[in-house]
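In: Next one to model:
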Amino acid sequence: MSLVRLVSSPRGLAVLAVVVLAVWIGSHTAHHENDDVFQALFAHLSPAPLELEHGEPLGIEAPWLPSLFTMDSHGRTTGRLVVTNLQVFQAAAIVLVFVCFAGVAKRIRTGRGDALGGLFAGFAKWIRDEMVYPAMGRERGRRFLPFFLCLFFFVLFMNVFGLVPGAATATASIAVTCALALITFASMIVLGMVAQGPVKFWTSLVPHVPLALWPLMFVVEVIGLCVKPFALMIRLFANMTGGHLIVLSCMGLIMFFGAKGANAFAGWGSAPLAIGFAVFIMIIETFVALLQAYIFTMLSILFVGAAVHPEH
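Out: Predicted coordinates for the structure are as follows:
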């Protein structure tokens, strides 16, 4: 399956159009002069409000919101709920899920379809047969499969966007990974209570222990229940941010040595080594984007599976 076949199909062109449009919209952010090279580079890891032509941040008036949720192009709190570039790429990731899976069901049923449908049909079967069914069983897994498919590809597309020039990685923001972890946490609680019953879910958290230890063990188990989504949040955020920091540090060394050296040759001389390291890390980041989507989804499957099985 060649890259040309993937891109040249109608849905491949639609995917390319979504990516280009997201990058174009996401580029309409405030760019302010900064004398510090590293601060200017690392600013691309932070959410940046989209700005209108006259410099006003794009958003809606929201004086009722806490200041934590509002900001302007200079990072000051205001009474506006602004739209950031990270939200653009989150929306684009959702659109890509619909576009890429438009022909997957037909491909699985009939074996016919374009190359992109075959690619994602293979991914869907792999997630079903190697991740969901082994952990949850066939009967339960069929009911939860659509949720975990959406979760996997939503995280994957947000991760991959960080490798596109001009784009941003939404999963490099702890606010985004926190929201994803809360979805898993809510699924654990709600689905567990539905499967086991509102009372039995909480009482089954504690194994068979002496009655005197039961209150203490209950508190410990509840804390452990909350630690699971917290670990999901930190793991995805740290891994996606770490690779970007290394790449930006390598690129920043070129400008750093160029500015600190006696002449421009210091910058030119460090460029091949810095670019070589940056390209190497970018290749690894391609694998990490897929790996972190797999880890986040696999752990979510295990956590939700443990919550809905009465024996747990």
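In: what does stretch 124-138 rub up against?
Out: The contact list for stretch 124-138 (Cβ atoms under 8 Å, 6 or more residues apart in numbering) reads 101, 104, 108, 141, 144-145, 148-149, 152, 294, 297-298, 301-302, 304-305, 308. C-beta coordinates here come from the backbone N, C-alpha and C atoms, glycine included.
In: hey, C-alpha coordinates of it in CSV?
Out: Output in CSV follows, covering the C-alpha atoms of stretch 124-138 (Å, rounded to 0.1, in the frame of the first residue of the first chain):
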residue,chain,number,x,y,z
ALA,A,124,-9.7,-1.5,14.0
LYS,A,125,-9.4,-5.3,13.9
TRP,A,126,-6.1,-5.1,15.7
ILE,A,127,-7.5,-3.0,18.5
ARG,A,128,-10.5,-5.4,18.7
ASP,A,129,-8.6,-8.7,18.6
GLU,A,130,-5.4,-7.7,20.5
MET,A,131,-6.6,-5.1,23.0
VAL,A,132,-10.3,-5.1,23.8
TYR,A,133,-11.4,-8.7,23.5
PRO,A,134,-8.4,-10.2,25.4
ALA,A,135,-9.0,-7.8,28.3
MET,A,136,-12.8,-7.6,28.5
GLY,A,137,-14.0,-10.8,26.7
ARG,A,138,-15.9,-10.9,23.4
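In: quick check: mean pLDDT across that stretch?
Out: Along stretch 124-138, the predicted local confidence has a mean pLDDT of 90.
In: same question, stretch 287-301
Out: Averaging pLDDT along stretch 287-301 gives 92.
In: buried residues in that stretch?
Out: In terms of neighbour count (16 or more other Cβ atoms under 10 Å), stretch 287-301 has its buried residues at 288, 289, 292, 293, 294, 295, 296, 297, 298, 299, 300, 301.
In: Make TSV from these and add distance to residue 181 and secondary structure to it.
Out: Written out in TSV, the entries for the buried residues of stretch 287-301 read as follows (distance: Cβ to Cβ, whole Å; DSSP: H, G, I helix; E, B strand; the rest coil):
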residue	distance to residue 181	secondary structure
288	18	helix
289	18	helix
292	13	helix
293	14	helix
294	16	helix
295	13	helix
296	9	helix
297	12	helix
298	14	helix
299	10	helix
300	9	helix
301	14	helix
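In: Identify, from those, the entry nearest to residue 217.
Out: Distance ranking of the buried residues of stretch 287-301 against residue 217, using Cβ to Cβ, places residue 299 first at 23.4 Å.
In: now the helices: where do they sit in the chain?
Out: Counting by DSSP state H, one finds helices in the chain at the ranges 3-8, 10-26, 37-42, 85-100, 104-110, 115-127, 133-136, 138-161, 174-196, 198-203, 214-260, 265-308.
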